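[1] I'd like to go over a predicted model; first the sequence, then the structure.
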Amino acid sequence: MARAPGPGPGPDEEFSRAVEVFARGYSFVRSATHPYLCERMEGTDTAWVLRDAPRRDPRRYRREEWVGHGPGAADLDELARAHARTAFVLSVIRRLDEPDGPLRSAYRSRGFRLLGVEPLMIHRLGRVPASPAARTAEGTVVRITRVTTPALAERLGTATRRRPLGPDRLAEDGPQRQYAALAGGEIVGWVSSVVVRLADDSVATWCADMYVVAEHRRRGIARALLARLLRDDRRYASTASVLTASRAGTGLYRGAGYDQLGELLLLQPPKL
């Protein structure tokens, strides 16, 4: 049953929650092969570190990602330099009403290189888009289905070149819902919804890994995937769906009802 909409959080709380959903959702996705932890830095409510759980061989540590939306440039940089155990990047997220010029200048002056910029977006799940009639380039009808069987999980793992979902993630109430766009026997697209439980025990979701095979794009498949994902998010009592978008994908998400809350700047520190 769909959750009855109620009064939402204020702008500051909504933004802070969206950043937390990004941090926890992204770390979950990165944990497929080895736990990739999401930890709030002690003494601050606005900085997170995402990194591998301890490994026997320190040479195998993946790059850490430090996420911040409150501290100034020097604060997040200094936190990472003091506590990172391997190479790191910063994901600095600003609200749309915060000027980005001073932020970029502060990091540039410290030798950081801008690797990319991604809109941070939210769907509040008040109105979910209807699913369009999606077809492939050849006109084959596309069906959107949730991945619930090992056989389909294996097929999707082959298509995505990633480890298939295990039994715990295929369960009805599992921590991740994965969807495939099927045209006959062919998988032509996919997307995932990661369940994030917040401090107040409410649930939000992280929309990840949206992809449609190149020759079948602009035929309603991505929108159909989103419509199914958002409908299920609301069914399972999510309070919001959060994602970061490519510049090219922003229009798709806006059309599905997502609003932009902020902007993520991915920054690489200078070599020491």
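    Arrived safely, thanks for sending. Numbers count the residues shown, from 1 in each chain.

[2] neighbours of Leu182, how many?
    19 (other C-beta atoms under 10 Å). For every residue, glycine as well, the C-beta is placed using N, CA and C.

[3] kindly list the main-chain dihedrals of it?
    With angles defined as degrees, to the nearest 10, Leu182 sits at phi -110, psi 130.

[4] so Arg51 makes contact with Ala87?
    No: under the criterion of C-beta atoms under 8 Å, Arg51 makes no contact with Ala87, lying 10.4 Å away.

[5] what do these two both touch?
    Residues touching both Arg51 and Ala87 (C-beta atoms under 8 Å, 6 or more residues apart in numbering): Glu64.

[6] report all helices and strands that the lowest-mean-pLDDT helix or strand in the chain contacts.
    When the helices and strands of the chain are scored by mean pLDDT, DSSP states H and E, helix 167-170 comes last with a mean of 84. Secondary-structure packing of helix 167-170 (3 or more C-beta pairs under 8 Å, 6 or more residues apart in numbering; DSSP states H and E): helix 150-160.

[7] for this structure, what's the longest helix?
    Under DSSP state H, the helix in the chain containing the largest number of residues is helix 11-29.

[8] ok, and what's touching that helix?
    8-9, 36-38, 45-46, 48, 50, 65, 67, 69, 93, 95, 120, 122, 175-176, 192, 194, 196, 198, 204-206, 208-209, 240, 242, 244, 261-262, 264.

[9] surely Pro167 is in contact with Pro150?
    Yes: in this structure Pro167 lies within contact range of Pro150 using C-beta under 8 Å: 7.5 Å.

[10] of these two, which one has the most company?
    Taking other C-beta under 10 Å, Pro167 and Pro150 do not tie; Pro150 has more neighbours (13 against 9).

[11] my read: that one touches Gly157, true?
    No: the criterion here is C-beta under 8 Å, and Pro150 misses it with Gly157 at 10.0 Å.

[12] any shared contact partners between these two?
    Residues touching both Pro150 and Gly157 (C-beta under 8 Å, 6+ apart): Pro164.

[13] among the contacts of helix 11-29, which ones are buried?
    36, 38, 46, 48, 50, 65, 67, 69, 93, 120, 122, 176, 192, 194, 196, 204-206, 208, 240, 242, 244, 261-262, 264 (16 or more other C-beta atoms under 10 Å).

[14] Arg228 contacts Ala130, correct?
    No: Arg228 is beyond contact range of Ala130, at 10.8 Å (criterion: C-beta under 8 Å).

[15] more neighbours: those two, which one.
    Each of Arg228 and Ala130 has its neighbours counted (other C-beta under 10 Å); Arg228 has more, 21 against 9.

[16] quick one, what contacts the more buried one?
    If a contact means C-beta under 8 Å, 6+ apart, then Arg228 has 131, 144, 146, 179 as its contacts.

[17] hang on, the earlier thing: and Arg51 and Ala87? Which one has more around it.
    Using other C-beta under 10 Å, the more surrounded residue of Arg51 and Ala87 is Arg51, with 23 against 12.
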